[in-house]
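Novice: what shape does this take:
(chains A, B, C and D, ligands or ions: 4)
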Amino acid sequence: MATADARAPVQTGLNDDIGEKKRLEMYRTQVIIREAEQRAYDLFLQNLVKGTSHLSLGQEAVAAGFAAAMEPGDLSFCTYRGHAHTLARGVSVEKVLGELMQRDNGLMRGKGGSMHLTAVDHGVMGSYAIIGAHLPIACGAAWRAQYKGHTDVSVCFFGDGTTNIGAFHEALNFASVWKLPVVFVCENNLYMEYTPIADVTAVPHPAADRAASYGLERIIIDGNDADIVYRTAKAAYAKARAGKGPSLIECLTYRHSGHSRADPAKYRPEGELERWKLRDPIKIYRERLLQFGVSERIIAEIDAAARREVDVATEACKAAPPPPADILTADVYADGGWAWRN
Amino acid sequence: MATADARAPVQTGLNDDIGEKKRLEMYRTQVIIREAEQRAYDLFLQNLVKGTSHLSLGQEAVAAGFAAAMEPGDLSFCTYRGHAHTLARGVSVEKVLGELMQRDNGLMRGKGGSMHLTAVDHGVMGSYAIIGAHLPIACGAAWRAQYKGHTDVSVCFFGDGTTNIGAFHEALNFASVWKLPVVFVCENNLYMEYTPIADVTAVPHPAADRAASYGLERIIIDGNDADIVYRTAKAAYAKARAGKGPSLIECLTYRHSGHSRADPAKYRPEGELERWKLRDPIKIYRERLLQFGVSERIIAEIDAAARREVDVATEACKAAPPPPADILTADVYADGGWAWRN
Amino acid sequence: MAELTYRDAVIRGIAQEMERDPDVVFLGEDVAKAGGVFKATVGLYERFGPLRVRDTPISEQAILGAAMGAAMTGLKPIAEIMFSDFIAVCFDYIANEIPKSRYMSNGQIKCPLVVRTGNGAGSRFGAQHSQSVENWCMMIPGLKVVAPSNPRDVIGLLAASVRDPDPVIFFEHKSLYPTKGEVPDGEIVDRLGTARIVRPGKDATILALALMVPRALEAAERLKSEHGIDCEVVDVRSLVPLDTQTILGSVARTHRLFTVEENPRLCGWGAEIVSIVADEAFYDLDGPPVRITTPHIPLPAADTLEDIVLPTPQRIAETVRRALNS
Amino acid sequence: MAELTYRDAVIRGIAQEMERDPDVVFLGEDVAKAGGVFKATVGLYERFGPLRVRDTPISEQAILGAAMGAAMTGLKPIAEIMFSDFIAVCFDYIANEIPKSRYMSNGQIKCPLVVRTGNGAGSRFGAQHSQSVENWCMMIPGLKVVAPSNPRDVIGLLAASVRDPDPVIFFEHKSLYPTKGEVPDGEIVDRLGTARIVRPGKDATILALALMVPRALEAAERLKSEHGIDCEVVDVRSLVPLDTQTILGSVARTHRLFTVEENPRLCGWGAEIVSIVADEAFYDLDGPPVRITTPHIPLPAADTLEDIVLPTPQRIAETVRRALNS
Ligand SMILES: Cc1ncc(C[n+]2csc(CCOP(=O)(O)OP(=O)(O)O)c2C)c(N)n1
Ligand SMILES: Cc1ncc(C[n+]2csc(CCOP(=O)(O)OP(=O)(O)O)c2C)c(N)n1
Ligand SMILES: [Mg+2]
Ligand SMILES: [Mg+2]
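Specialist: Numbers count the residues shown, from 1 in each chain, chains lettered A, B, ... in the order given. Ligands and ions are numbered 1, 2, ... in the order given. As a prediction, this is how the structure comes out:
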């Protein structure tokens, strides 16, 4: 696997550039995502999660690293595979699971569903389910920052398969020409829905091998190591805030589950999943913490707290009512209603 | 100007790889295009050309070179700026001018107009007026050739500005992955409608600097020298026919007139047009012929014949009636009519 | 005769046409090796091979553009757009290129192709994966627009679409994929532009399409048994060509018109048909023609909410009953 | 009062709003330095500078996506899509993103933006540059849709659109750009969702939009002078919100309805309004409601042909006369 070695830790240890507090935060985020998504899967098996859902099991380090490097006010733009990024910005497990369970306590009270998680108060500016659509939208948010002299960064997450759709191309060129403070993060998990990205892409690295087309640096990193992700994010955000324009970062990672709840992922070559599980981001990070001197006890406490949070959230969601019918026609227009006539 | 020197003539002289016959053909094609388009402009000033029209004055070498290298059965896909490419495939001046004048003798009897010139019997598979739309369409024609084991090549012409739209990206990746026998020709004339391409593009060479994104070779040529164009085309077609996939060729050129009939082109920097006129493709080619020993008389005869053809065509078009009303509802559907109901 | 699911009917329909005509080719995202995200193309790759059944990148414009270019030059492509909502990312081909090329070229260019797509709600997928967008296509001159309601029609209308010399947009209803129906053995070929009276009746005409057909039928049964109201239910089957003869004929007998649409209210096919009937059969009508539609809102994801917005047998029956009583 | 062209009214309308609100920004292809291909944005770049008036690449998806992202986060962008036909290449933003985000997010996301676009025929540009596509937008829940017929309305409705908290698609008619009208001095702000009775009458209601308004008026004058038929002409002005009160009120007085549409026939706004009237004012109608439209065909380029297909004053008058006499 290609890794951007320049981005590997210079000093290593708890008191390096990342530091203990950030590291514990990133560990906690990864564990919360893992626990919440595994729970979502269990709830789906119990027919309590409705519709579809797209898990990021195995990709937690990307979400944790990019979120941990953000400042409050920075904006996230996600896909249908957006639970992880939403949780990473601090949105409660209850609100996320509530939306997946299509309950009234959900993030959008069940109106959006699992593919459209949105939490504006946490900087999660929406999850978009049409491939590629949010890349230009993130450009627009970044344009606003540039125009208003704000210093926030817009961060846009998407998959490898997304690099072949037109909107990708338009957004990248646009962002580069306008030097917008936007960071494009491609989570290369090797697959579209069921088709290997290599089968349908003209270059080996679907994002990074296109960076030069937009005058951008070719960046490929190990997406399963939160430290590497964090440092890369930091650098890209700093560049954006300095008015030096966008970055395109390809994170190599892998999803442990199928594409969506309906997918048993039979298309994987034998042993592939097992090989990637050896590089499970949470396993890697737990080892890192131990190596840097964090005690087993602290780690176990974080694990337990995460599980508790997910348990409590699950119970709250099970107890929550379905959304009331009167929200059905609310918020089509800004007046709160749906009237298209007088 | 960057030129692909590898493609410059190896032997020079009338009996080189191009030869006298081809050269006279390319000269004739360029002159016909020039005469016909200048006439179109005059007719517009007389209010006899209706609607819009987009001239290729100054870009004739691209059309002549790519067409001259084609075999019968090869297919051209053009834009609204497609008169030159249509004429270069041997479509009569009368039919082209007739369409611009929206007469019954026009190529599509006035139903399509100047932006949609189509002559399937000459391999001109349409001119498309939505930027980028025809790149995927050319892929489809090439796919048919590949599937059926035909040896024809699909050649798709478009401008520099077209490289920033989504369909460009989708088509290039698609063609490359499927190894389709399609040749993408970007005529970089430095401008979109009125905006310099450099103002809105992340890389200096809008097509060539993107080639690597699709696993393709970076090719930039002098688009004002028909010999260079011809040799480049030959090589790309041979590659396509050999099953080695698509090419993307950026031709550096310049339009002498405005974007469309309505445009006085005031946005040009002073002296730019004059500098390019020094490199007028027809001037270059006339000098080349003389240098290679073609007599002034032969050249003058070609010039005169072209003017005659355009004169005769003009008169025929002036005399032609407008299209009859009964074609209005014809050919919406394959049954020849427009019935959407019984 | 065999019982078949709507999903398996899609497979059989495509296979029937690929078997018959080597120029029929099939492309789309995840359609080949994986058999499609709705499993409606399983086995085709194995049966017809990698040259005829092809996986594409996520590039809907390239998919439809390539289908068009292939159709123009001699193939008969079937292209899948996974969810019909995604027609929005390749709408230029649907609105400007495929339907207009024949006309603009004065008949030189032909586009015999089929775009298959998963349409409609009921899966709790939310606003961007649940829409009924057949009116996005009906409004474009030059297209044909088909939407089968049962497995037999899937095969017959798909065959008719593939053999049709014009471009056809073929809407498969996602919620119908698991439903079953009797299908005759052997080749099935239907005719476009023919509506079907699926339940004769004399008191009112109810027009429906796709998933709304079984719902309209259920409503009609209720109206009959609970209120003695005898409704004629017409499965419109193809919006273009539109079988106005059958529709106007039915209204001439029943004197009342109801349309049942899954698409949002404004400018739907119901409005078109109501307008045709109001213009051409005004004096046949004994009362106002009524459209029953999904309200003009984006679709909510939650099951409880989604179930309220789509026309239900109960809402259909109630609307008809109230209109006939007033 | 000053006489102004429709084109100059666009410039004045945009300038009025940019002057007033620094959050109003404007982007599009060739709109800044060159002043727009229709010269409808000349001088804005010079006046408001390169940060507020921006040329873009040929990337319609990026244009609308960027407008949406900017609107979501506090700006009030005006985006130009040069020809309305090009909405097809960025239709995902029109159909799936901009109109649905508020709803899907349960009110968290707001999209106050305006998409201005050159609509309609008359320039002999052929099938891909002449369409009237307001129904492509009317059919999408969550959008507002406006189409002014005169310079004063251009300014007033544009101001209302820019100040509106919802996304508005603003259709400027290309053939109206050179037309002139009286415009008051000072700020002009109109109200969306208000139709205007531009000619009162008692015998029939004619609804029209944009370029069809002057044509309907001319038809009404002819009908009056030549046949003594007194038509009420209503400029619909905004399709969403739709002023059904004014429309139903007019039909209640005249008892006959005619719609004059430039868009092709199927599923147009005429069908919608006819369906509303047929349902809600059935007993007000003394005869069939009639739609006068462009036939359901792609638009031909040739002047002689294009002139035949768009509704003309003569065709409108003839249709009304025949309908009232029958
Ligand atoms: C325009 C569009 N085309 C197709 C789809 C269906 N679809 C949903 S997810 C997906 C695969 C996306 O792959 P990738 O970008 O690699 O993201 P991942 O799911 O692997 O995170 C596809 C094809 C879609 N949602 N939108
Ligand atoms: C999708 C789309 N956007 C915008 C236009 C309007 N338009 C027509 S030509 C043109 C400029 C094209 O520039 P380029 O590709 O360089 O070709 P050139 O005209 O220079 O030959 C534009 C923007 C269009 N026709 N289609
Ligand atoms: Mg992926
Ligand atoms: Mg150009």
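Novice: list the residues that contact the closest residue to ligand 2 within the stretch 151-300 of chain C.
Specialist: Nearest residue of the stretch 151-300 of chain C to ligand 2: C:P167, at 20.7 Å (C-beta to the nearest ligand atom). All C-beta spots, glycine's among them, are computed from the backbone N, C-alpha and C. By C-beta atoms under 8 Å, 6 or more residues apart in numbering or on different chains, the contact list for C:P167 reads C:71, C:98-99, C:111-115, C:142-144.
Novice: and it, how far from C:A271?
Specialist: 23 Å (C-beta to C-beta, to the nearest Å).
Novice: now C:G28, nearest residue through space, not along the chain?
Specialist: Excluding its sequence neighbours, the residue lying closest to C:G28 (C-beta to C-beta, 6 or more residues apart in numbering or on different chains) is C:E80, at 3.0 Å.
Novice: next SSE downstream of the host helix or strand of the one you found?
Specialist: Taking DSSP states H and E as the criterion, C:E80 maps to strand C:76-83. Sequence-wise, the next helix or strand downstream of strand C:76-83 (DSSP H and E) is helix C:91-92.
Novice: tell me if that next one is near chain B.
Specialist: Yes: remark: helix C:91-92 sits within contact range of chain B at C:D92, by C-beta under 8 Å from any C-beta of the partner chain.
Novice: next SSE downstream of that helix?
Specialist: Per DSSP H and E, the first helix or strand lying C-terminal to helix C:91-92 is helix C:101-104.
Novice: tell me the mean pLDDT for that next one?
Specialist: In this model, helix C:101-104 has a mean pLDDT of 98.
Novice: whatever helix or strand comes next after that helix packs against which elements?
Specialist: Next helix or strand after helix C:101-104 toward the C-terminus (DSSP H and E): strand C:114-119. Applying 3 or more C-beta pairs under 8 Å, 6 or more residues apart in numbering or on different chains; DSSP states H and E, one finds that strand C:114-119 makes contact with strand C:76-83, helix C:151-163, strand C:168-173.
Novice: what are the C-alpha coordinates of strand C:114-119, in PDB please?
Specialist: Presented in PDB, the C-alpha positions along strand C:114-119 are these (Å, rounded to 0.1, in the frame of the first residue of the first chain):
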ATOM      1  CA  VAL C 114     -34.300   1.300 -24.000                       C
ATOM      2  CA  VAL C 115     -33.500   3.000 -20.700                       C
ATOM      3  CA  ARG C 116     -34.600   0.800 -17.900                       C
ATOM      4  CA  THR C 117     -34.800   2.300 -14.500                       C
ATOM      5  CA  GLY C 118     -36.100   1.600 -11.000                       C
ATOM      6  CA  ASN C 119     -38.900   4.000 -10.200                       C
END
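Novice: after that strand, which helix or strand is next?
Specialist: Next along from strand C:114-119, by DSSP H and E: helix C:134-138.
Novice: quick one: secondary structure of C:V234?
Specialist: Under DSSP: H, G, I helix; E, B strand; the rest coil, C:V234 falls in the strand class.
Novice: quick one: the helices in chain A?
Specialist: In chain A, the helices defined using DSSP state H lie at A:19-45, A:60-68, A:83-88, A:93-100, A:134-148, A:166-177, A:226-241, A:272-278, A:281-291, A:296-319.
Novice: as CSV, those helices with distance to chain D would be great.
Specialist: As requested, the helices of chain A are arranged in CSV below (distance: least, C-beta to the nearest C-beta, whole Å):
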stretch, distance to chain D
helix A:19-45, 19
helix A:60-68, 18
helix A:83-88, 12
helix A:93-100, 10
helix A:134-148, 2
helix A:166-177, 4
helix A:226-241, 15
helix A:272-278, 33
helix A:281-291, 29
helix A:296-319, 16
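Novice: nearest to ligand 2, out of those?
Specialist: Closest to ligand 2 of the helices of chain A is helix A:166-177 (C-beta to the nearest ligand atom; 10.9 Å).
Novice: show residues contacting stretch A:301-310.
Specialist: Residues contacting stretch A:301-310 (C-beta under 8 Å, 6+ apart): A:24, A:27-28, A:31-32, A:34-36, A:39, A:93, A:97.
Novice: biggest separation within these, which pair?
Specialist: Comparing every pair within the contacts of stretch A:301-310 by C-beta to C-beta identifies A:L24 and A:L97 as the most remote, at 23.6 Å.
Novice: name the residue of the stretch 51-200 of chain A that lies nearest to chain C.
Specialist: Of the residues in the stretch 51-200 of chain A, the one nearest chain C is A:G113, at a distance of 2.6 Å by C-beta to the nearest C-beta.
Novice: how about that residue: what's its closest non-neighbour residue?
Specialist: Nearest residue to A:G113 in three dimensions, chain neighbours excluded: C:A301, at 2.6 Å (C-beta to C-beta, 6+ apart).
Novice: hang on, the one you found packs against A:G110?
Specialist: Yes: C:A301 is within contact range of A:G110, at 6.1 Å (criterion: C-beta atoms under 8 Å).
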